[in-house]
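**Student:** only geometry, no sequence info:
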């Protein structure tokens with residue numbers, strides 16, 4: 001019975017990254033052997049155990065054989081005669097197929113260390129194509145490691161493209177798609193997630209509304225990058241820069257311009273009313289992927305309001321208050337700051353404009369702070385019912401006007 005540290009813990013240590021969860025594979029053991037040593041069995045589909053002291057996961061060495069469609073159609077074989085190399089062979093990428101013995105010795109039958117040094121994401125074997133979730137995992141790993149210079153091996157990208165063409169990704173369930181996407185959006189390079197899926201033709205299955213943006217032109221004087229799909233990639237880059245690790249900001253950035261994908265060709269490269277055209281598309285994505293409520297709320301607010309935020313200095317005082325009210329800001333004040341961050345990412349997500357200042361975001365926050373400072377006790381004494389709300393609204397408009405330095409003008 002031998003125990004090896006495997007997977008991400010070994011990979012990240014070799015990359016000099018902070019360690020996360022530590023997973024182990026046990027070779028030469030049975031379920032009874034593990035239970036006799038005090039391990040607690042938790043795996044349903046295959047034997048996984050929690051260490052009696054550390055609670056770290058230990059799995060018996062196993063092999064897998066494809067038996068159906070999708071990522072759940074596998075027959076698992078775990079037995080004492082399954083070798084370490086056989087267990088590593090079923091893993092997705094060579095950089096994840098490295099094991100470490102107790103004495104620190106590395107077992108690397110698929111040259112994962114060489115691929116780590118070359119910064120290449122490469123599949124272990126043709127069995128990669130049996131699990132469609134691995135296409136999303138490849139894109140998600142790129143979201144994490146593109147900043148280190150990683151690329152997808154050409155043969156792996158070709159295999160991913162074949163999997164997309166074969167319809168394998170259509171068997172993925174919404175929860176798993178969202179799980180991978182959410183982790184990617186919280187990574188250092190969320191744009192690499194979308195770019196990788198686009199490159200292997202998987203984006204048309206996972207996010208057809210985003211795929212539709214590629215090749216759609218915008219006005220070059222406002223968008224030097226022209227292509228709307230490239231614009232979304234740039235916005236995701238800026239979102240990760242402005243709000244690192246915030247997948248809610250990342251999701252709103254991803255879907256803010258979906259309406260441009262349905263602009264009639266006769267109107268291009270202009271995109272009049274793209275905010276309104278985008279709302280049903282954002283709703284469709286959220287419903288299909290079962291996106292959390294707060295992610296959905298922010299995404300819809302940004303899709304609907306991002307042009308209004310960009311031109312906040314031009315809006316009337318009363319229109320500013322209407323913007324706050326439409327987006328439930330007085331009950332959900334954090335949404336205003338989040339909207340400002342996404343809109344800043346949108347403004348900076350244009351070729352050559354990534355470092356320009358964005359005063360509209362600070363102005364939005366400043367005016368909201370002024371409006372939020374109004375208290376019912378100060379303006380609605382003796383009033384009741386709807387009259388309280390009307391008094392509050394008038395006072396908030398006056399507060400915005402005062403903050404702008406022109407009380408009573410608008």
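**Tutor:** That came through fine. These numbers come from a predicted model, not from an experiment.

**Student:** How about residue 352, nearest residue that isn't a chain neighbour?
**Tutor:** Nearest non-adjacent residue to residue 352, counting by CB to CB, 6 or more residues apart in numbering: residue 224, 5.7 Å away. Where C-beta positions appear, they are placed from N, C-alpha and C, glycine not excepted.

**Student:** Same check on residue 38?
**Tutor:** residue 52 (3.8 Å).

**Student:** Run a quick neighbour tally on that neighbour.
**Tutor:** Neighbours of residue 52 under the rule other CB atoms under 10 Å: 10.

**Student:** Please apply the same query to the one 5 residues further on.
**Tutor:** For residue 57, the neighbour count with other CB under 10 Å is 17.

**Student:** Regarding the residue nearest to residue 352, what is its secondary structure?
**Tutor:** When classified by DSSP: H, G, I helix; E, B strand; the rest coil, residue 224 comes out as coil.

**Student:** residue contacts, the residue nearest to residue 38?
**Tutor:** Counting by CB atoms under 8 Å, 6 or more residues apart in numbering, residue 52 touches 37, 38, 39, 40.

**Student:** The third one against residue 50, yeah?
**Tutor:** Which is residue 39. Yes: here residue 39 reaches residue 50: they are 6.5 Å apart, a contact under CB atoms under 8 Å.

**Student:** what is in contact with those two at once?
**Tutor:** residue 58.

**Student:** Stretch 79-89 - what's its average pLDDT?
**Tutor:** The pLDDT scores in stretch 79-89 average 90.

**Student:** Can you give the distance from it to the centre of its chain?
**Tutor:** Its chain's average C-alpha position is 34 Å from that of stretch 79-89, according to CA atoms, centre = their mean, to the nearest Å.

**Student:** The spatially closest residue to residue 92 that is not a sequence neighbour sits in which helix or strand?
**Tutor:** The spatially closest residue to residue 92, leaving aside those adjacent along the chain, is residue 134, at 4.9 Å (CB to CB, 6+ apart). Assigning secondary structure by DSSP states H and E places residue 134 in helix 133-145.

**Student:** What of residue 46?
**Tutor:** Counting by DSSP H and E, residue 46 is part of no helix or strand.

**Student:** Mind listing the residues bridging to the residue nearest to it when sequence neighbours are not counted?
**Tutor:** Closest residue to residue 46 apart from its sequence neighbours, by CB to CB, 6+ apart: residue 76 at 4.3 Å. On the basis of DSSP bridges, residue 76 takes part in beta bridges with residue 64.

**Student:** go on, residue 99?
**Tutor:** Going by DSSP bridges, residue 99 forms beta bridges with residue 6, residue 107.

**Student:** now it: how far from residue 385?
**Tutor:** Computed as CB to CB, to the nearest Å, the residue 99 to residue 385 distance reads 70 Å.

**Student:** Which of the two has more residues huddled nearby?
**Tutor:** Between residue 99 and residue 385, counted using other CB under 10 Å, the more crowded position is residue 99 (25 against 7).

**Student:** I figured the more buried one hits residue 84, correct?
**Tutor:** Yes: using CB under 8 Å, residue 99 is in contact with residue 84, at 6.0 Å.
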